[in-house]
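**Student:** I need the structure of the sequence given here:
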Amino acid sequence: MDVVIGPVFQILYLILQLYLYVVIVGVILSWLIAFNVVNTSNRFVYMIGDFCYRATEPLLGRIRRFLPNLGGFDLSPIVLIFGIYFLQMVLVNLSRKLV
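**Tutor:** Reported below is the predicted structural model:
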């Protein structure tokens, strides 16, 4: 069974890592748009921003419901990043238990 579960854990770890990158790119791009460094009238910037928003907003929206309103500060990406790191550590520990 280790032959199947090990690669499944590795693929899940990779998916979580890619999602972490999408969250980070979305946060940085939202800052750049807010400070008028990049403009969303550029089609490429708009496509990347739209993809990041659609990929991360379902989880970030759920996290925002439980966090207090801090005005201009959005702590939901930080909570999501910690959650992704937690899940990655769980996967690593589970894969070590199988070996």
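
**Student:** and the average pLDDT for the longest helix along the chain is what?
**Tutor:** Assignment by DSSP state H gives helix 2-34 as the longest helix of the chain. The average of the pLDDT scores along helix 2-34 is 93.

**Student:** other SSEs contacting it?
**Tutor:** helix 43-66, helix 76-98 (3 or more C-beta pairs under 8 Å, 6 or more residues apart in numbering; DSSP states H and E). (Glycine included, C-beta is placed from N, CA and C.)

**Student:** as a markdown table, those helices with mean neighbour count, mean pLDDT and distance to Val27 would be great.
**Tutor:** Listed next are the helices and strands packed on helix 2-34 as a markdown table, based on neighbours: other C-beta atoms under 10 Å; pLDDT from 0 to 100; distance: least, C-beta to C-beta, whole Å:
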| stretch | mean neighbour count | mean pLDDT | distance to Val27 |
| --- | --- | --- | --- |
| helix 43-66 | 13 | 95 | 8 |
| helix 76-98 | 14 | 94 | 5 |
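
**Student:** any chance of those in a markdown table, plus distance to Tyr19?
**Tutor:** A markdown table is the format used below for the helices and strands packed on helix 2-34 (distance: least, C-beta to C-beta, whole Å):
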| stretch | distance to Tyr19 |
| --- | --- |
| helix 43-66 | 7 |
| helix 76-98 | 7 |
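
**Student:** between those, which one is closest to Val3.
**Tutor:** helix 76-98 (10.1 Å; C-beta to C-beta).

**Student:** and the closest one, how far out from the chain middle?
**Tutor:** 12 Å (C-alpha atoms, centre = their mean, to the nearest Å).

**Student:** tilt between it and helix 43-66?
**Tutor:** Angle of helix 76-98 versus helix 43-66, following axes from the mean of the first three to the mean of the last three C-alpha atoms, to 10 degrees, is 80 degrees.

**Student:** tell me which residues are up against helix 76-98.
**Tutor:** For helix 76-98, contacts defined as C-beta atoms under 8 Å, 6 or more residues apart in numbering pick out 1-2, 5-6, 9-10, 12-13, 16-17, 19-20, 23-24, 26-27, 56, 59-60, 63-64, 67.
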